[in-house]
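**Q** Quick one, what's the 3D model for this:
(2 chains)
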Amino acid sequence: MQDDNKRNVKIRVRNLSKVFGNRPKQALELRDSGLKRSEIFEKTGQTLALSDINFDVYEGELLVIMGLSGSGKSTLIRCFNRLIEPTEGEVVIDDEDILSISAKELLEARRRHFSMVFQNFALFPHRTVQQNAEFGLEIRGVAKQQRRDTALKILKQVGLDGWEGAYPNQLSGGMQQRVGLARALANDGTVLLMDEAFSALDPLIRGDMQQELQELQHSTQKTTVFITHDLDEAINIGDRIVLLKDGEVVQIGTPEEILTKPADDYVKRFVEGVDMSKILTAEHAMRPVRATARESDGPRTTLRKMSENSIDSIYVTSRNRTLLGLVEIDSLELAAQEGKDDICNIMTQDFRSVGLNEPLQNLFAMFNKKNFPIAVVDDDKRLLGVVVKGTVLDELAQVGENK
Amino acid sequence: MAIDIPRIPLGDWIEGGLDWLTSEFSNVTRSISQVTQNGIDGLNDALMWLPPWALLLIIVGICWRVSNYRLAIGALLGLALVWNMNLWTPMIETLTLVVIATLLAVVIALPIGIAAALSDRLYRVIMPGLDFMQTMPAFVYLIPAIPFFGIGSVSAIFATVIFSMPPAIRFTTLGIRQVPEELIEASDAYGATRSQKLFKVQLPMSLPTVMAGINQTIMLALSMVVIAAMIGAGGLGSEVWRAIQRLQPGAGFEAGIAVVILAMLLDRITQSLGKGRKS
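**A** Residues are numbered from 1 along each chain as shown, chains lettered A, B, ... in the order given. This next block holds a predicted model:
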């Protein structure tokens, strides 16, 4: 990705490794001599949780780190704020190497940079919703009134106004995680770390939360590192995805790159489980328009164009291809019988038009009873092409075969 | 073929050690004795200064406040019975000893319990010590108490504090260690210092458990205070002791029932306090 060069790097991870065990040096030496993780474990009993991880997190992006359980993703996110002490490597945030700073500086860095959201919420049961939201600020020593104001504002933002005085055990799972999110947002660290934040929620709530996180992240431009084991989720919310396997990075790329150009068989197998309709857009399924009517065309001319292409509805465009409306064969025949010479009066607006980036998934729902093709238009409402129901299915089937 | 193994003079060593402690630290023990005695006298005088009916109503009020009307009615009936049996004064003496002993025990136990929760090494050192303190027959503590503090209530307090402290330590340690790892991780992630973690997360969350430990301590203190009548602690214990010596089962049971009433009240009140804080 060329434009990456222009983007500011927020966190730089270099040569990061983590060994669980009492002889980490030995494990790393064996790794350097070419042994695999399982072999190192067999030989020494040391677990090589992360091995030589390198990637950047850009300012303002939502980066997803994804991998199955045991891939090291939770260890990796904890190396960022040293909840787990890495064995070697660098984690540089805003030019400060987190791994080489003193204990006191580390506390400061945790307060300033990292707001974390946990899989099982990790709310404090003895504190009210508001007190939970205030926690980070309280730790920083922010004045009572100020942290109260901040907490109330954020709680409102995550849809929890009215629940300030409740205790976590009085809330549903989804609401509890909103409190977890509020605690992180109120703290206003420069990076939001989300450790499988939505994995414990049921699918519907989860979808809502993903949506809200995206909107929130989009509006605040907060650098976010999101851990998940679910590729659907990764693809749905991630600007970029880092794929981990057995403690190593397998591929880094945008969701589309991961799906369309899987780096190896491992990624490919992963991708097979993904619902492609979420990734493909109207552009993929769009076909050129076979025929359009001009606004100056009369009913008879239009009818002839339609019979030549054997279609029973046609889009009407202006001279510069701006989409004006749609006419159906029935109303055209009627107009022809009555001797009218203008088709603009019998146009209908009863059709759907979408942009190029509309996900294919959404198009299914748009086909109404009459199955008019969906018009694909650009920002100036110029007609670029159409999507008919059949091509959507074709496109999906084709992707299915290619996998 | 008896092999003549020389007897290990364990008892002699202990006595030697105690003698040494007694003579070397007589100033310390004497001043501790003085302070404690003042505390006991002060609290006892204050409680005795109130007419029995007034104190009775205050206790009933406390019961109502922390629990419900049933406990309040029970307290009213029980205390009225004690008053009626002419055991009010010894009951107040016993209550005083229990309160002072418990306060001292808790003040010593909480820091030890917290330290043992936070340090594995200390934990391994302290736990066997607690086993020792709890399983040693209670009477044994009375013996060294006398050379240290002489016959009387201070010795009783000394023995009682040692005997009743272990549960407060154990429960404090347990309560703090029971705080889920993920909550500790969450506080760490937000940059909490050790003391912030302790006072904002670990202690508040372990409070119900700590209160259960304090409840146990109070119960043990009460039982020990009664036994301590043997070294002149006074109170309900000495009523029981006198009844034994004079072979008066009636008087013995009366004093015993007064102990039971006091025990139940202290137990229910502290339990309600523990639950009330949980919310």
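**Q** Please identify the buried residues of stretch A:254-269?
**A** Using 16 or more other CB atoms under 10 Å in any protein chain shown as the test for burial, stretch A:254-269 gives A:255, A:258-259, A:262, A:267. Backbone N, C-alpha and C define where each C-beta goes, glycine included.
**Q** Could you double-check that B:His204 lies in contact with B:Gly175?
**A** Careful, residue B:204 is Pro and not His. No. Using CB atoms under 8 Å, B:Pro204 makes no contact with B:Gly175, being 10.2 Å away.
**Q** if we can go back for a sec, want to try CSV for the buried residues of stretch A:254-269, with pLDDT as columns?
**A** Listed next are those as CSV, based on pLDDT from 0 to 100:
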residue, pLDDT
A:Pro255, 85
A:Ile258, 84
A:Leu259, 80
A:Pro262, 83
A:Val267, 81
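**Q** Save these as a markdown table, and put in distance to chain B and secondary structure too.
**A** As requested, these are exported to a markdown table (distance: CB to the nearest CB, whole Å; DSSP: H, G, I helix; E, B strand; the rest coil):
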| residue | distance to chain B | secondary structure |
| --- | --- | --- |
| A:Pro255 | 28 | helix |
| A:Ile258 | 29 | helix |
| A:Leu259 | 33 | helix |
| A:Pro262 | 34 | coil |
| A:Val267 | 30 | helix |
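**Q** measure the residue nearest the centre of chain A to A:Gly207 for me?
**A** Per CA atoms, centre = their mean, the C-alpha nearest to the average position across chain A is that of A:Ile237, at 1.2 Å. To A:Gly207, A:Ile237 is 11 Å away according to CB to CB, to the nearest Å.
**Q** before we move on, what about A:Met286?
**A** Distance from A:Met286 to A:Gly207, by CB to CB: 27 Å.
**Q** The two: who's more crowded?
**A** A:Met286 (21 against 15; other CB atoms under 10 Å in any protein chain shown).
**Q** Close to chain A: what parts of chain B are there?
**A** Within chain B, the positions near chain A by CB under 8 Å from any CB of the partner chain are B:180, B:182-183, B:185-193, B:196, B:200-201, B:204-205, B:207, B:279.
**Q** so how far is the helix or strand where A:Val179 lies from its chain's centroid?
**A** Assigned by DSSP states H and E, A:Val179 belongs to helix A:173-187. Helix A:173-187 has its C-alpha centroid displaced from the chain centroid by 19 Å (CA atoms, centre = their mean, to the nearest Å).
**Q** Ok, stretch A:349-357 next?
**A** Put simply, stretch A:349-357 sits 24 Å off its chain's centre (CA atoms, centre = their mean).
**Q** Looking at it now, give me its mean pLDDT.
**A** Stretch A:349-357 shows a mean pLDDT of 83.
**Q** now swap in stretch B:78-96 and tell me
**A** 92.
**Q** Dump that stretch to PDB, restricted to CA.
**A** Extracted as PDB, the C-alpha positions of stretch B:78-96 are listed here (Å, rounded to 0.1, in the frame of the first residue of the first chain):
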ATOM      1  CA  GLY B  78     -32.200 -11.200  76.100                       C
ATOM      2  CA  LEU B  79     -30.700  -8.200  77.700                       C
ATOM      3  CA  ALA B  80     -33.700  -7.700  80.000                       C
ATOM      4  CA  LEU B  81     -33.200 -11.300  81.200                       C
ATOM      5  CA  VAL B  82     -29.500 -10.600  81.900                       C
ATOM      6  CA  TRP B  83     -30.400  -7.500  83.900                       C
ATOM      7  CA  ASN B  84     -33.100  -9.500  85.700                       C
ATOM      8  CA  MET B  85     -30.600 -12.200  86.700                       C
ATOM      9  CA  ASN B  86     -28.400  -9.500  88.300                       C
ATOM     10  CA  LEU B  87     -25.600 -10.200  85.800                       C
ATOM     11  CA  TRP B  88     -25.600  -6.800  84.100                       C
ATOM     12  CA  THR B  89     -22.300  -5.700  85.700                       C
ATOM     13  CA  PRO B  90     -20.300  -8.800  84.800                       C
ATOM     14  CA  MET B  91     -21.800  -8.800  81.400                       C
ATOM     15  CA  ILE B  92     -20.500  -5.200  80.800                       C
ATOM     16  CA  GLU B  93     -17.100  -6.300  82.100                       C
ATOM     17  CA  THR B  94     -17.000  -9.200  79.600                       C
ATOM     18  CA  LEU B  95     -18.300  -6.900  76.800                       C
ATOM     19  CA  THR B  96     -15.500  -4.400  77.600                       C
END
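**Q** Quick check: buried residues in that stretch?
**A** In stretch B:78-96, the ones that count as buried by 16+ other CB under 10 Å are B:78-79, B:82-83, B:85, B:87-96.
**Q** now, among the residues you listed, which is nearest to B:Thr160?
**A** B:Thr94 (10.9 Å; CB to CB).
**Q** what separates that closest one from chain A, distance-wise?
**A** 35 Å (CB to the nearest CB, to the nearest Å).
**Q** does that residue belong to a helix or a strand, and which?
**A** B:Thr94 belongs to helix B:88-118, assigned by DSSP H and E.
**Q** which strands and helices sit next to that helix?
**A** Applying 3 or more CB pairs under 8 Å, 6 or more residues apart in numbering or on different chains; DSSP states H and E, we find helix B:88-118 packed against helix B:26-49, helix B:120-135, helix B:153-177, helix B:203-227, helix B:236-245, helix B:249-278.
**Q** tilt between the shortest one and helix B:203-227?
**A** Looking back up the chat, that one is helix B:236-245. Angle of helix B:236-245 versus helix B:203-227, following axes from the mean of the first three to the mean of the last three CA atoms, to 10 degrees, is 30 degrees.
**Q** next one: the first one
**A** Orientation note: helix B:26-49 sits at an angle of 90 degrees relative to helix B:203-227 (the same axes, to 10 degrees).
**Q** Wait, a strand at A:Ile65?
**A** Yes. Using DSSP: H, G, I helix; E, B strand; the rest coil, the assignment for A:Ile65 is a strand.
**Q** so who does the closest residue to B:Pro204 other than its chain neighbours touch?
**A** In space, and not counting its chain neighbours, B:Pro204 is closest to A:His126: 4.8 Å by CB to CB, 6 or more residues apart in numbering or on different chains. Shown in contact with A:His126 (CB atoms under 8 Å, 6 or more residues apart in numbering or on different chains): A:167, B:204-205, B:207, B:279.
**Q** And A:His126, how close does it get to B:Thr209?
**A** Counting by CB to CB, the gap from A:His126 to B:Thr209 is 12 Å.
**Q** now A:Gly253
**A** Separation of A:Gly253 from B:Thr209 (CB to CB): 50 Å.
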